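A.B. asks: Predicted model follows, preceded by the sequence.
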Amino acid sequence: MPIQNEKSSVVRGLANSGAPSTGSAEGSIQADGRWEKACTWAVKSFTAWVSMSTVAELIKQKEAIEAQIAAAQQAQRSDAINKARAIISEHHLTQKDIFGGSKAPRKSSVNKVAAKYKDPISGATWTGRGKAPKWIDGQDRAKFVIA
């Protein structure tokens with residue numbers, strides 16, 4: 001444990017430097033515990049400061065990691081495709097076998113309403129819902145009723 005050895009040598013150095021103490025220098029400082037906390041904090045702070053990277057370095061690392069992730073994902077995807085192709089050819093499967101047949105056409109959820117009115121000139125029809133077309137607007141609708 002290099003920190004313990006450094007602490008002991010620092011404590012001995014303090015004792016020899018004439019630092020005030022009660023009893024032996026090593027005993028009083030260790031009993032108090034402040035020195036050990038201070039040394040631990042200093043070592044951690046210095047280590048964090050030394051290992052701290054700049055934003056640019058972190059961005060470069062992020063880009064490198066993202067490139068590795070993309071390459072790994074592409075490799076996994078290629079492996080999965082190759083496995084799927086092997087299984088398909090081994091069992092002579094078709095697209096219909098895998099994905100099913102075409103679905104039946106859906107019925108429209110909108111109910112169509114039969115036309116009630118017809119323009120005798122153009123043949124255009126109108127259901128009677130919504131805004132009236134110009135060819136019937138303002139006229140007697142009885143003339144245009146479809147029988």
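C.D. replies: That came in fine, so what should we check first?
A.B. asks: can you pull the buried residues of stretch 129-147?
C.D. replies: Within stretch 129-147, the residues that count as buried by 16 or more other C-beta atoms under 10 Å are 136, 144. Backbone N, C-alpha and C define where each C-beta goes, glycine included.
A.B. asks: So what would you say the end-to-end distance of it is?
C.D. replies: Criterion C-alpha to C-alpha, to the nearest Å; first-to-last residue distance in stretch 129-147 is 18 Å.
A.B. asks: pLDDT of that stretch, averaged?
C.D. replies: In this model, stretch 129-147 carries a mean pLDDT of 90.
A.B. asks: got it, and stretch 38-45?
C.D. replies: 81.
A.B. asks: so how far is that stretch from its chain's centroid?
C.D. replies: From the chain centre to the centre of stretch 38-45 is a distance of 38 Å (C-alpha atoms, centre = their mean, to the nearest Å).
A.B. asks: buried residues in it?
C.D. replies: Cys39.
A.B. asks: Relative to the whole chain's centre, how far out is the lengthiest helix in the chain?
C.D. replies: With secondary structure taken from DSSP state H, the chain has its longest helix at helix 55-91. A distance of 17 Å separates the C-alpha centroid of helix 55-91 from that of its chain, computed with C-alpha atoms, centre = their mean.
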